[in-house]
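K.L.:
Pasted the sequence and its predicted model underneath.
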Amino acid sequence: MTKPFILGLTGSIGMGKSTVSAMFRAAGVPVFDADAAVHELQGPGGALLPMIEEAFPGTTGPQGVDRIKLGAAVFGDPEKLKRLEAIVHPAVGAMRAGFLEENAAEKLIVFDIPLLFEKGGFQMIDAVAVVSAPPDQQRARVLARPGMTEEKFAQIMAIQVPDAEKRARADYVIDTGCPLAETRALVEGLVEKLIHAK
């Protein structure tokens with residue numbers, strides 16, 4: 001049996017990756033959203049809550065992980081971040097494997113992985129699409145988010161691979177600096193191309 005073509009979808013903060021991800025879904029392509037998986041695992045009744053609470057006491061409650069408290073507990077501390085990742089990554093990997101099994105008959109599936117270049121994951125994908133927009137649009141989108149500051153934005157940007165490098169390493173670049181209809185046309189064209197490439 002032929003396996004699906006796996007497209008890795010990534011992009012820096014504020015580039016419009018969630019919008020593009022929704023466009024792939026609308027085009028009938030199954031999408032595994034790594035962030036959504038993390039939210040499910042860390043939300044109310046989430047499977048990882050006991051382990052996270054044990055490693056970082058006081059960071060969980062009835063609503064799941066308190067993202068502000070957990071963020072404060074690990075931010076800027078590489079060792080603590082590693083400990084958290086060691087809890088989260090295997091669980092997300094198991095959910096991704098299940099998703100792959102469920103969609104084994106599809107021609108094309110998308111893995112939406114925000115930190116694909118930063119954390120790796122290339123061994124399981126066939127091509128990479130990077131979502132990109134001009135820096136001024138990116139900045140405006142990110143700073144419009146609740147609770148975002150210039151300082152936080154700078155810290156996030158410092159740990160992300162620069163957009164220019166992502167675009168250079170990508171197999172496909174999806175531009176979100178244009179009207180939505182143009183971005184949608186790019187996505188639909190890519191879907192057609194990848195489905196028929198097999």
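P.N.:
Ah, there it is. The shown structure was predicted, so the numbers you read here are calculated from the model rather than taken from an experiment.
K.L.:
doesn't G189 fall inside a strand?
P.N.:
No: applying DSSP: H, G, I helix; E, B strand; the rest coil, one finds G189 to be helix, outside a strand.
K.L.:
Report the separation between it and P57.
P.N.:
50 Å (CB to CB, to the nearest Å). To be clear about C-beta, it is placed using only N, CA and C from the backbone, and glycine gets the same treatment.
K.L.:
mind checking the SS state of L100?
P.N.:
Under three-state DSSP, L100 comes out as helix.
K.L.:
okay, it: pLDDT?
P.N.:
With respect to pLDDT, L100 scores 92.
K.L.:
how about it, what does it touch?
P.N.:
4, 6, 32, 109 (CB atoms under 8 Å, 6 or more residues apart in numbering).
K.L.:
Same question for I113.
P.N.:
8-10, 34, 119, 121.
K.L.:
let's go with 6 Å and repeat that
P.N.:
8, 10, 34, 121 (CB atoms under 6 Å, 6 or more residues apart in numbering).
K.L.:
and the first one, that one's in a strand?
P.N.:
Yes: in this structure, G8 lies within a strand as judged by three-state DSSP.
K.L.:
Farthest-apart pair in the contacts of L100, please.
P.N.:
P4 and F32 (11.0 Å; CB to CB).
K.L.:
more neighbours, those two?
P.N.:
Counted by other CB atoms under 10 Å, P4 and F32 do not tie: F32 has more neighbours, with 23 against 20.
K.L.:
Now find how far off-centre stretch 148-163 is within its chain.
P.N.:
16 Å (CA atoms, centre = their mean, to the nearest Å).
K.L.:
How about stretch 124-143?
P.N.:
With CA atoms, centre = their mean, you get 11 Å for stretch 124-143.
K.L.:
Check stretch 49-63 too.
P.N.:
For stretch 49-63, the distance to the chain centre is 23 Å (CA atoms, centre = their mean).
K.L.:
Now that stretch: average pLDDT?
P.N.:
So the average pLDDT for stretch 49-63 ends up being 93.
K.L.:
Please apply the same query to stretch 114-134.
P.N.:
pLDDT averaged over stretch 114-134 gives 86.
K.L.:
That one: which residues count as buried?
P.N.:
For stretch 114-134, the neighbour count (16 or more other CB atoms under 10 Å) marks 114, 116-117, 121, 125-126, 128-133 as buried.
K.L.:
can you redo those residues as JSON lines with secondary structure and distance to T176?
P.N.:
Shown next, in JSON lines, are the buried residues of stretch 114-134 (DSSP: H, G, I helix; E, B strand; the rest coil; distance: CB to CB, whole Å):
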{"residue": "P114", "secondary structure": "coil", "distance to T176": "15"}
{"residue": "L116", "secondary structure": "helix", "distance to T176": "17"}
{"residue": "F117", "secondary structure": "helix", "distance to T176": "18"}
{"residue": "G121", "secondary structure": "coil", "distance to T176": "22"}
{"residue": "I125", "secondary structure": "coil", "distance to T176": "21"}
{"residue": "D126", "secondary structure": "coil", "distance to T176": "23"}
{"residue": "V128", "secondary structure": "strand", "distance to T176": "16"}
{"residue": "A129", "secondary structure": "strand", "distance to T176": "12"}
{"residue": "V130", "secondary structure": "strand", "distance to T176": "11"}
{"residue": "V131", "secondary structure": "strand", "distance to T176": "6"}
{"residue": "S132", "secondary structure": "strand", "distance to T176": "7"}
{"residue": "A133", "secondary structure": "coil", "distance to T176": "5"}
